[in-house]
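Enquirer: how would this look folded up:
(one chain, ligands or ions: 2)
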Amino acid sequence: MPVDGWIWVLLIIFWTGGFAWVADNVRTALRNRHERKMEVLEAAKQERLALEAAQQPPEPVCGCTHHLAKHDKQGRCHERVEAPTEWDENKKPLRYEAGQCNCQQYVGPQPLSQVFAEELTDRA
Ligand SMILES: [Zn+2]
Ligand SMILES: [Zn+2]
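Expert: Numbering: from 1, shown residues only. Ligands and ions are numbered 1, 2, ... in the order given. Coordinates of the predicted model:
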């Protein structure tokens, strides 16, 4: 077909909205590719964050939110806390009294590494 013929074919496609359809498909394809790329990037970021979290030792913090270093061997927390002693009618504390955190420390299942460490020291 001579070049003139192709121009007519293109013009007919253009007139019938073919170009819009093609352009739409190209746009959708580009957007999908972009979204996939973002998903991959996001997944990589999540993976890196999880890895970083796994490498860090867990914060030795008790359920009372105080550091485990504040607890003695019996598990009693020695952190000073302010306990409300007087409330107004809206249950809003009016006066505080300095006291001691009455936490007994969490005595449930221990992390596996700690159990192993204790078994080893018992044997020695
Ligand atoms: Zn505690
Ligand atoms: Zn405490």
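Enquirer: contacts and neighbour counts: CA atoms only from here.
Expert: Will do.
Enquirer: This protein: strands as residue ranges?
Expert: 80-87, 93-100 (DSSP state E).
Enquirer: export the ones you listed to TSV and tack on distance to residue 37, mean pLDDT and mean neighbour count?
Expert: Shown next, in TSV, are the strands of the chain (distance: least, CA to CA, whole Å; pLDDT from 0 to 100; neighbours: other CA atoms under 10 Å):
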stretch	distance to residue 37	mean pLDDT	mean neighbour count
strand 80-87	50	90	13
strand 93-100	53	90	12
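Enquirer: Between these, which one is closest to residue 18.
Expert: Nearest to residue 18, of all those, is strand 93-100, at 72.8 Å by CA to CA.
Enquirer: hmm, that closest one touching ligand 2?
Expert: No - Strand 93-100 is not in contact with ligand 2 by CA under 5 Å from the ion; minimum separation 7.9 Å.
Enquirer: got the contact list for that strand?
Expert: Contact with strand 93-100 is made by 77, 78, 79, 80, 81, 82, 83, 84, 85, 86, 87, 88, as judged by CA atoms under 8 Å, 6 or more residues apart in numbering.
Enquirer: Now with 7 Å, please.
Expert: Strand 93-100 has contacts (CA atoms under 7 Å, 6 or more residues apart in numbering) with 78, 79, 80, 81, 82, 83, 84, 85, 86, 87, 88.
Enquirer: Need those in a markdown table (columns: distance to ligand 1).
Expert: Supplementary listing: those in a markdown table, determined by distance: CA to the ion, whole Å:
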| residue | distance to ligand 1 |
| --- | --- |
| 78 | 8 |
| 79 | 8 |
| 80 | 11 |
| 81 | 12 |
| 82 | 15 |
| 83 | 15 |
| 84 | 19 |
| 85 | 21 |
| 86 | 24 |
| 87 | 25 |
| 88 | 29 |
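Enquirer: right, so of the strands of the chain, which gets closest to residue 24?
Expert: Among those, the nearest to residue 24 by CA to CA is strand 93-100 (63.6 Å).
Enquirer: Give the pairing partners of the closest one; include direction for each.
Expert: Note on strand 93-100: by DSSP bridges, its sheet partners are strand 80-87 (antiparallel).
Enquirer: The partner strand near ligand 2 at all?
Expert: No - judged by CA under 5 Å from the ion, strand 80-87 stays clear of ligand 2, getting no closer than 7.9 Å.
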